[in-house]
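**Student:** my questions concern the predicted model and sequence given below.
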Amino acid sequence: MATLALTALTALLCGPSRAEPDVLERPAMQSAKAAGSVLLALAQAGTRLVAAGERGIIIWSDDGGASWRQASVPVSVSLTALRFTSARDGWALGHSGVLLRTRDGGQTWAKQMDGKQAAALVLNAAKAAGAQGPALAEAKAEAERMVADGPSKPFLDLHFFDAQNGLLIGAFGLLFATADGGQTWQPAQQRVANPQGKHLYSIVGDGATCLIAGEQGAVYRSTDMGKTFTTLATGYEGSYFGALALSPRGALVFGMRGNVRRSDDAGATWQKSEIPASASITAGLRLRDASLLLADETGQLYRSTDEGKRFVHIAPPQPSPFTAVVQHGDGKLLLSGVRGITSVALNSIKAQP
């Protein structure tokens, strides 16, 4: 599952410009209508479904989405992404530099980090590296900006290469790394050539290889579990909101105005995919039959059976802006969005002329 454009845009544009002082300490309010709220992320934890969204709401289902229960969450900030490394271990991330962890499949969550702690890590890392003079002053200024502008600097995606090594990315070039299973995180912005601080929207991986897609055509590739990155040129300067790892050497990136690019040679060359879309592509998924599925910001779906060379438009029964998509064990699609969770049977959507 890829991080969605609508998720990213909601995080960066529609969220509050200033967080209330206690949102990092105030638990998410329990609501009987949680399943119908604005949900920005959706993931699978084994056979369980877990969704997250505005005001810290996280819900989970053990019956394929027929019914939902609300989780215990210690913050009230909007959550933009969910990632699970096993059926029980998972992460939620979002506004104000919040990183949450669950060890029971999403039923209860604990705060692992927030924007103030992230800012302190940036400053401490600069001091530890021996930064002095202007370099230390800039690191301090950046840390102060992170504290002041926490709500405008959400974390947007996370990827673990194995049980120990992972990367956390976000707005304005935020990049943190862990080598101990997420117990501690360290600033790693210097690993990516991103002096303008472009937003980093999505990270996907296959083995030791990973790809980051971001703002203004930014795409970066690593083959050493994120220790070093190469900047890739795809031929498009608009923002990419998501990516799919097709193989260790293959990838697909998608974003604004229906733009989709694919590469099968480790990013050395890119080809524009054929897709009848003009709206921004917001989500992507490889289905169980190996075909690829994309969704745009208007709720339209597109499917490819040739590794992304050509996509065919398929219209869902009830189009709605979607933020994430997963395929459940019974084959049906579940999509999160501004109206909660939508369930769609694949055989109910037909290719359009």
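**Tutor:** That came in fine, so what should we check first?
**Student:** give the buried residues for stretch 171-182.
**Tutor:** 171-178, 182 (16 or more other Cβ atoms under 10 Å). Using the backbone N, CA and C atoms, a C-beta is placed for each residue, glycine as well.
**Student:** so for the nearest residue to residue 153 once chain neighbours are set aside, what's the pLDDT?
**Tutor:** The spatially closest residue to residue 153, leaving aside those adjacent along the chain, is residue 171, at 5.0 Å (Cβ to Cβ, 6 or more residues apart in numbering). With respect to pLDDT, residue 171 has a value of 92.
**Student:** residue 18 too?
**Tutor:** Value for residue 18, per-residue pLDDT: 49.
**Student:** point out where the chain drops to low pLDDT.
**Tutor:** 1-21, 130-132, 135-136, 139-140, 142-152, 348-353 (pLDDT under 70).
**Student:** show which residue of it lies farthest from the average position.
**Tutor:** Most distant residue from the mean C-alpha position of the chain: residue 133, 35.8 Å away (Cα atoms, centre = their mean).
**Student:** quick check, residue 116 in a helix?
**Tutor:** Yes - remark: residue 116 belongs to a helix, assigned using DSSP: H, G, I helix; E, B strand; the rest coil.
**Student:** burial count for it?
**Tutor:** Neighbours of residue 116 under the rule other Cβ atoms under 10 Å: 15.
**Student:** please begin residue numbering at 59 from this point
**Tutor:** With the count now opening at 59, the last piece we talked about shows up as residue 174.
**Student:** report the two of the buried residues of stretch 229-240 separated the most.
**Tutor:** 230 and 240 (21.9 Å; Cβ to Cβ).
**Student:** span of stretch 368-384 from start to end?
**Tutor:** Stretch 368-384 stretches 21 Å from its first residue to its last (Cα to Cα, to the nearest Å).
**Student:** whoops, I mixed them up, stretch 157-174
**Tutor:** End to end - Cα to Cα - stretch 157-174 spans 12 Å.
**Student:** repeat that for stretch 147-163.
**Tutor:** 6 Å.
**Student:** buried set for it?
**Tutor:** For stretch 147-163, using 16+ other Cβ under 10 Å, the buried residues are 147-160, 163.
**Student:** mark which of those residues are part of strands, please.
**Tutor:** Mapping the buried residues of stretch 147-163 onto strands (DSSP state E) picks out 148-152, 156-160.
**Student:** so which of the buried residues of stretch 229-240 comes closest to residue 314?
**Tutor:** When the buried residues of stretch 229-240 are compared against residue 314 (criterion: Cβ to Cβ), the nearest one is residue 229, at 16.4 Å.
**Student:** isn't that closest one up against residue 176?
**Tutor:** No - look at residue 229 against residue 176 with Cβ atoms under 8 Å: they stay out of range, at 11.8 Å.
**Student:** before we move on, the earlier item: closest one of the ones in strands among the buried residues of stretch 147-163 to residue 356?
**Tutor:** Checking those one by one against residue 356 (Cβ to Cβ), the nearest turns out to be residue 152, at 24.2 Å.
**Student:** not counting its neighbours along the chain, what's nearest that closest one?
**Tutor:** Residue 152 sits nearest to residue 137 (Cβ to Cβ, 6+ apart), 3.8 Å away.
**Student:** likewise residue 243?
**Tutor:** Nearest to residue 243 is residue 234, by Cβ to Cβ, 6+ apart, at 4.3 Å.
**Student:** the one you found touches residue 248, doesn't it?
**Tutor:** No - the pair residue 234 / residue 248 is not scored as a contact, 11.7 Å apart, by Cβ under 8 Å.
**Student:** what touches both of those two?
**Tutor:** Taking Cβ atoms under 8 Å, 6 or more residues apart in numbering as the criterion, residue 234 and residue 248 do not both touch any residue.
**Student:** let me know how buried residue 89 is, in neighbour terms.
**Tutor:** 13.
**Student:** and it, its phi and psi?
**Tutor:** Main-chain dihedrals, residue 89, degrees, to the nearest 10: phi -140, psi 140.
**Student:** can you check the one 4 residues further on too?
**Tutor:** Comment: the main-chain dihedrals of residue 93 come out as phi -70, psi -20, following degrees, to the nearest 10.
**Student:** now it. Nearest residue, chain neighbours left out?
**Tutor:** residue 126 (4.1 Å).
**Student:** which residues does that neighbour contact?
**Tutor:** 92-93, 109, 117-119, 399.
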